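Asks: Predicted model, plus sequence, below.
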Amino acid sequence: MSALPPTSTRSGFVAIAGRPNVGKSTLVNAMVGRKIAIVSDKPQTTRRAIRGVATHGDTQLVLVDLPGVQRPRDTLTERMQHRVEQELRDSDAVLMVVNAVDGIGPGDRFIAAALRGAKLPVVLAVNKIDRADRAKTVAALDGAAALEIADEIFPISAQTGEGVVALLEHLRALAPEGPFHFSPEESSDQSEHVLLAELVREQVLRRTRQEVPHAVEVVVDDIEQQREDLVRVRALMWVETESQKGILIGAGGKMIKAIGTKARKELEREMGTHVHLDLSVRVRRGWRGDDRLLDRLGID
């Protein structure tokens, strides 16, 4: 009996670029098939380049959910922008996401200009078509075409899944031949500590306003298996001022209790067991400009 020919595989890195709050994280979660990136309507939700792994048959896509492309304002956003530029250099293709509800604006044109210099295949997705009427969707598609950076434009809804399968199939076709970078069973490169910390920060983002969401970072200090069906997670929330600490704690501790209750449910869903969540708040003035702390937090 003659030997079967070796099976070739394809594997590629796809950088997902776009303005803050166009739905990149929701789209990565939809393409991976599970939640690996937190979702919020606040800008700067994504601070690290999160890699989601979508493996189907002989093709693996490593989806890099970039921080929202923006002009740097402090050390934190400078690092976020540097990470965007680095990931673009290391990717095989770029998926640019725009918002059908808002249409094409100066921020989209700024990103498109940056992508022209990347010399990579670019695919455009017009997201949130479930929230836009036909006229807005058509206008967004026309505006996306006018950017003149992509041959293929996909109207999609990351929230409902409409159009996502066709987009994935197109991205798979762009992947070069090569070995898988991750095991087919993996869905992300995030450590458990980082993922759990992000799930806590997601609840902070959903409950606070103005400057507070941007001034908060969460670190998981310890994960302890206390018994077979119970894990204890200790998490620390960094803020920059005493007033922000007061907002996070709330009158009579109501805010931190609400954050902890919802975050615990998200942690239990992720870990598949009961969780005892210990939350505390600490002030560290100017942490967003502290290189040593940003290094510790893994924000390159």
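Replies: Yep, it's here. None of the values given here were measured: they were computed from a predicted structure. Numbering: from 1, shown residues only.

Asks: Can you check what pLDDT the model gives the nearest residue to Ile223 once chain neighbours are set aside?
Replies: Spatially, and ignoring its direct neighbours in sequence, Ile223 is nearest to Val233 (5.5 Å; CB to CB, 6 or more residues apart in numbering). In this view, the C-beta of every residue, glycine as well, is placed from N, C-alpha and C. On the pLDDT scale, Val233 is placed at 97.

Asks: Show me what the helix or strand harbouring Val233 packs onto, helices and strands only.
Replies: Secondary structure from DSSP states H and E places Val233 in strand 230-239. Other helices and strands packing on strand 230-239, by 3 or more CB pairs under 8 Å, 6 or more residues apart in numbering; DSSP states H and E, are helix 192-207, strand 217-227, helix 242-249, helix 254-271, strand 274-283.

Asks: cutoff 7 Å now
Replies: When contacts are defined as 3 or more CB pairs under 7 Å, 6 or more residues apart in numbering; DSSP states H and E, strand 230-239 sits against helix 192-207, strand 217-227, helix 242-249, strand 274-283.

Asks: For the ones you listed, give me TSV that also has distance to Gly163.
Replies: Below are these laid out as TSV (distance: least, CB to CB, whole Å):
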stretch	distance to Gly163
helix 192-207	25
strand 217-227	33
helix 242-249	38
strand 274-283	36
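
Asks: which of these sits most buried?
Replies: helix 192-207 (a mean of 21; mean count of other CB atoms under 10 Å).

Asks: residues making contact with that helix?
Replies: For helix 192-207, contacts defined as CB atoms under 7 Å, 6 or more residues apart in numbering pick out 38-40, 42, 45, 213, 216, 218-220, 223, 233, 235, 237, 255, 258-259, 262-263, 266-267, 270, 298.

Asks: Next: stretch 247-265.
Replies: 199-200, 203-204, 207-208, 212, 237, 239, 275, 277, 279, 281.

Asks: Could you list the low-pLDDT ranges of this protein?
Replies: 1-7, 41-49, 67-74, 76-77, 79-81, 83-84, 298-300 (pLDDT under 70).

Asks: before we move on, back to that, tell me which residues touch the residue nearest to Ile223, please.
Replies: Neighbouring residues of Val233 by CB under 7 Å, 6+ apart: Leu196, Val220, Ile223, Leu267, Val275, Leu277, Asp278.

Asks: Break the protein down into its domains, please.
Replies: Following automatic domain parsing, the chain resolves into domains at 10-174, 192-297.

Asks: Mind putting those domains into JSON lines with distance to Glu186?
Replies: Listed next are the domains of the chain as JSON lines, based on distance: least, CB to CB, whole Å:
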{"stretch": "domain 10-174", "distance to Glu186": "5"}
{"stretch": "domain 192-297", "distance to Glu186": "13"}
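
Asks: if you compare the ones you listed, which one is most tucked away?
Replies: domain 10-174 (a mean of 19).

Asks: and it, how far out from the chain's middle?
Replies: 10 Å (CA atoms, centre = their mean, to the nearest Å).

Asks: what about that domain, how long is it end to end?
Replies: For domain 10-174, the first-to-last residue distance is 9 Å (CA to CA, to the nearest Å).

Asks: related to what we said a few turns ago, would you turn the contacts of Val233 into TSV with distance to His82?
Replies: As requested, the contacts of Val233 are exported to TSV (distance: CB to CB, whole Å):
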residue	distance to His82
Leu196	26
Val220	25
Ile223	30
Leu267	31
Val275	35
Leu277	33
Asp278	34
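
Asks: Which one of the residues you listed is nearest to Val123?
Replies: Val123 lies nearest to Leu196 out of the contacts of Val233, by CB to CB, at 32.0 Å.
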